[in-house]
Every structure is written in structure tokens, then in C-alpha cells.
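Undergrad: Structure of the sequence below:
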Amino acid sequence: MKFRSIEEAAGYVNSQLVLKGFLKHELLLKLDGTIDDNRLVVNTIHRLLRSLDDKNAQILELHARQQLQDQASQKAQPEPVEKSPRAVRKLARVVKPTDKSPRTDSKLLSQRYKVKVNKLESTIEELRQQLQLERNRRHNGTSHASDLTWEINQDVTALSRNVHYTQVAKYEEEISSLLETRDEHQELARELAQFLETVNRYTYSSVIMGVRGLPPPARSPRLQQLSNDDLQELIADWYEIVAIAQNSQSPEP
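TA: Now for the predicted structure:
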């Protein structure tokens, strides 16, 4: 987004801050260089930083709460019931969510990870029951000569172990990818907090202290390649406002 004048840019910033509740209608950012306006700029940026910290704290709390729920659900699982080796429980097909918005990334990550783990536990439990039934039959001396199902010569223990490794390998890569995505989102949140802190110091030095000619803070490579278009545009608008302000402060030839 580009503006034709610094006044137009300031008007846009004021409207966004009022819309999001960071400013009141009677308190608007101005460009007259007064002490009151300078304090309002610093206080507004401080509120933005506190809002970002609150959001990060909420995300961490949601992760911790989900981990506690997962641990509680695993402890509350009922005791396994022996089944016939021929009776294999069908797993319900899970429809993967399609919402890719940043607000639901953490929730989707937790849900998908939990579904994969539940499938693995279900498969392992069924194989364990089949193996136990076969061992009991062999211990009791039961003959399966008349049953064609048992004429195949194979080691049930080795079979269950191979299936277990296959299932684990099938989901290992996807689970690792989900965990990497979660780590990337957390790292991005930390970099955004650091960037806003640098912006705060720059604004204080140039506006409150009156230091001229300061270069604006540089963005990290991750912040230069944001997938969120709205956030990328807001950062770009801030750099344009800084450039316009510096040009307006330069002495005319």
C-alpha cells in the first residue's frame, strides 16, 4: 500500500489503530512534533508489544493444556479385551481439516498428531492381542491342523514386529513435518517480538530524543519472506512511513 502524502499515511495508521482498539477517537497520532504526540506514539507501540506478548502467552498456554489432556486421555484408556485373530477392528476414516489460517495452525497440528498416534496405538494393540491368543493356543496344545487358516508356516511374533515398524515408518515423516511447522511458528513469533522491540527503540531515539539520520532497523530473512500478506504489508507500510518522515526532515537545497 502506497500513500501520496505523510498526512494520508498517518490518517490510515490512525484509522487502523482506532479500529483495533489501540487508540480512542479523541487521541490520534499527529505529525506536529509535540511532546504529547511523541508520548502517544511510544505508548501506542508499547500497547502493541503487550498485545503481542499476550497472544504468545495464550499460544503457550494452549500447547500446555493440550499436552495435559493428551496425557490424561492416554492414562484413562480401558484395558484391552481379547479378540479373535480374524476379527480386525476397522479404523474410522478421519477427514483432515482444510483450514490453513494462522489462528488454527496450532490446533490442527495437535489434532493431526493425536489422530496418528491413536492409529498407531490401535494397530499395536490389535497385533499384541493376536500374538497373545496364538501363544495361549500353543500353550494349551490346541491343534489347528483342520483349519486352513493355520496351515501357513510363519512366525507370528516376527509378523507383528514387521507390521509395527511399517506403521511407525509410515507416519514418522509426517509427524516430524508437523513438529517442524510448529517450531517455525514459534520462532516467527519470537522474531516478530524482537522486531517490534527494535522499532520501539528506533521511534524513541528519533522522535523523543530527536536523533536524526538513524537507519531503520533491518528485517531478518524470515520476516522478509512472510507468507502472511497482511502482516507483510503492515511492515512494508511502516518502512515507507519512516522514509517519508526522513525525507520531510531533510533540509531543502
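
Undergrad: what stretches of the stretch 151-253 of the chain score poorly on pLDDT?
TA: Applying pLDDT under 70 to the stretch 151-253 of the chain flags the ranges 151-170, 249-253.

Undergrad: Now with 80, please.
TA: Scanning the stretch 151-253 of the chain for pLDDT under 80 picks out 151-174, 207, 212-213, 219-231, 246, 248-253.

Undergrad: Which parts of it are helices?
TA: Applying DSSP state H, counting those that start in this stretch to the stretch 151-253 of the chain gives helices spanning 156-203, 221-224, 229-249.

Undergrad: What would the second one look like as CSV? C-alpha coordinates only.
TA: When you say that, I think you mean helix 221-224. The C-alpha trace of helix 221-224 is given here as CSV (Å, rounded to 0.1, in the frame of the first residue of the first chain):
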residue,chain,number,x,y,z
PRO,A,221,15.4,-13.1,6.2
ARG,A,222,12.4,-14.9,7.8
LEU,A,223,10.5,-11.6,8.1
GLN,A,224,11.3,-10.7,4.5
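
Undergrad: circling back to that earlier point, format the helices of the stretch 151-253 of the chain as JSON lines; extra columns: mean neighbour count and distance to Arg65.
TA: The C-beta positions use only the backbone N, C-alpha and C, and glycine is treated the same way. Shown next, in JSON lines, are the helices of the stretch 151-253 of the chain (neighbours: other CB atoms under 10 Å; distance: least, CB to CB, whole Å):
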{"stretch": "helix 156-203", "mean neighbour count": "14", "distance to Arg65": "15"}
{"stretch": "helix 221-224", "mean neighbour count": "12", "distance to Arg65": "27"}
{"stretch": "helix 229-249", "mean neighbour count": "14", "distance to Arg65": "26"}
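
Undergrad: which one of these lies closest to Asn14?
TA: helix 229-249 (11.9 Å; CB to CB).

Undergrad: Quick one: residues in contact with that closest one.
TA: Applying CB atoms under 8 Å, 6 or more residues apart in numbering, the external contacts of helix 229-249 come out as 1-3, 5-6, 9-10, 12-13, 31, 192, 195, 199, 212-213, 216, 219, 223, 226.

Undergrad: rewinding a little: mind putting the helices of the stretch 151-253 of the chain in TSV, distance to Asp53 included?
TA: Formatted as TSV, the helices of the stretch 151-253 of the chain follow (distance: least, CB to CB, whole Å):
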stretch	distance to Asp53
helix 156-203	7
helix 221-224	18
helix 229-249	17
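
Undergrad: So which of those is nearest Ser51?
TA: Ser51 sits nearest to helix 156-203 of all the helices of the stretch 151-253 of the chain, at 9.9 Å, using CB to CB.

Undergrad: For the residue nearest to Phe3 when sequence neighbours are not counted, grab the count of nearby residues.
TA: Residue nearest to Phe3 in three dimensions, not counting chain neighbours: Ala9, with 4.0 Å by CB to CB, 6 or more residues apart in numbering. Per other CB atoms under 10 Å, the neighbour tally for Ala9 reads 20.

Undergrad: Give the rounded mean pLDDT of the helix or strand where Ala9 lies.
TA: Secondary-structure assignment from DSSP states H and E places Ala9 in helix 6-19. Per-residue pLDDT values over helix 6-19 give a mean of 81.

Undergrad: From the contact counts, what lies against it?
TA: Here helix 6-19 touches helix 229-249, going by 3 or more CB pairs under 8 Å, 6 or more residues apart in numbering; DSSP states H and E.

Undergrad: Taking helix 6-19 as reference, get the angle to the helix it packs on.
TA: On the basis of axes from the mean of the first three to the mean of the last three CA atoms, to 10 degrees, helix 229-249 is oriented at 140 degrees to helix 6-19.

Undergrad: Output helix 229-249 as PDB, nothing but the C-alphas.
TA: Listed next in PDB are the C-alpha coordinates belonging to helix 229-249 (Å, rounded to 0.1, in the frame of the first residue of the first chain):
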ATOM      1  CA  ASP A 229       0.300 -11.000   3.200                       C
ATOM      2  CA  ASP A 230      -1.400  -8.700   5.700                       C
ATOM      3  CA  LEU A 231       1.500  -8.700   8.100                       C
ATOM      4  CA  GLN A 232       4.000  -8.300   5.300                       C
ATOM      5  CA  GLU A 233       2.100  -5.200   4.000                       C
ATOM      6  CA  LEU A 234       1.900  -3.600   7.500                       C
ATOM      7  CA  ILE A 235       5.700  -4.000   7.900                       C
ATOM      8  CA  ALA A 236       6.300  -2.500   4.400                       C
ATOM      9  CA  ASP A 237       4.000   0.400   5.200                       C
ATOM     10  CA  TRP A 238       6.000   1.200   8.300                       C
ATOM     11  CA  TYR A 239       9.200   1.400   6.300                       C
ATOM     12  CA  GLU A 240       7.500   3.700   3.800                       C
ATOM     13  CA  ILE A 241       6.300   6.000   6.600                       C
ATOM     14  CA  VAL A 242       9.900   6.100   8.000                       C
ATOM     15  CA  ALA A 243      11.300   7.000   4.600                       C
ATOM     16  CA  ILE A 244       8.700   9.800   4.100                       C
ATOM     17  CA  ALA A 245       9.400  11.200   7.500                       C
ATOM     18  CA  GLN A 246      13.100  11.200   6.900                       C
ATOM     19  CA  ASN A 247      12.700  13.000   3.500                       C
ATOM     20  CA  SER A 248      10.400  15.600   5.100                       C
ATOM     21  CA  GLN A 249      13.100  16.300   7.800                       C
END
